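Asker: no sequence for this one, just the structure:
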């Protein structure tokens, strides 16, 4: 199995900027997910393709600390996308093969459930915050 390419922050910004140039509508509706949301059952996963990962070394347990220096929270549409913090340090980056927009995805694993989540990639919110200790 081929491992996804680990993206650095500049590559992530470039993908976000490319995504923001797209104006056509698509059934993926990626642009309608500015903050984390449960991936709808109707989401066209078959038209998504891997574009990279923000997850680091699979043998290192990433932090669960979140990065919200300006009072946002996990669900905020304007929450920073800080790649060294939760949940971004567990994310895959995907691209819709139809409209070419990019999004972040990961699977939230609670005590009794799993829930796929999605967020549009937005360059305005990508921050270069130092890694959590």
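Answerer: Ah, there it is. Quantities reported herein were computed from a predicted structural model and do not represent experimental measurements.

Asker: what about the helices in this protein?
Answerer: 9-20 (DSSP state H).

Asker: Report the central residue of it.
Answerer: Geometric centre of the chain, nearest residue: residue 104, 2.0 Å, by CA atoms, centre = their mean.

Asker: ok, the residue of the chain most remote from its centre to residue 118 distance?
Answerer: In terms of distance from the mean C-alpha position of the chain, residue 112 ranks first, at 23.1 Å (CA atoms, centre = their mean). Using CB to CB, to the nearest Å, we find residue 112 at a distance of 21 Å from residue 118. (Each C-beta comes from the backbone N, C-alpha and C, glycine too.)

Asker: Repeat that for residue 131.
Answerer: 24 Å.

Asker: and those two? which has more neighbours close in?
Answerer: Applying other CB atoms under 10 Å to residue 131 and residue 118 shows that residue 118 carries more neighbours, namely 24 against 13.

Asker: Could you report the neighbour count for residue 123?
Answerer: If we define neighbours as other CB under 10 Å, then residue 123 has 15 of them.

Asker: burial measure for the residue nearest to it when sequence neighbours are not counted, as a count.
Answerer: Closest residue to residue 123 apart from its sequence neighbours, by CB to CB, 6 or more residues apart in numbering: residue 16 at 3.7 Å. The tally of other residues near residue 16 (other CB under 10 Å) stands at 22.

Asker: correct me, but residue 16 touches residue 127?
Answerer: No: counting by CB atoms under 8 Å, residue 16 sits too far from residue 127 to count as a contact (12.0 Å).

Asker: Could you count how many residues lie near the closest residue to residue 130 other than its chain neighbours?
Answerer: Nearest residue to residue 130 in three dimensions, chain neighbours excluded: residue 84, at 7.1 Å (CB to CB, 6+ apart). Neighbours of residue 84 under the rule other CB under 10 Å: 19.

Asker: Ok, residue 126 next?
Answerer: Residue 126, neighbours per other CB under 10 Å, totals 20.
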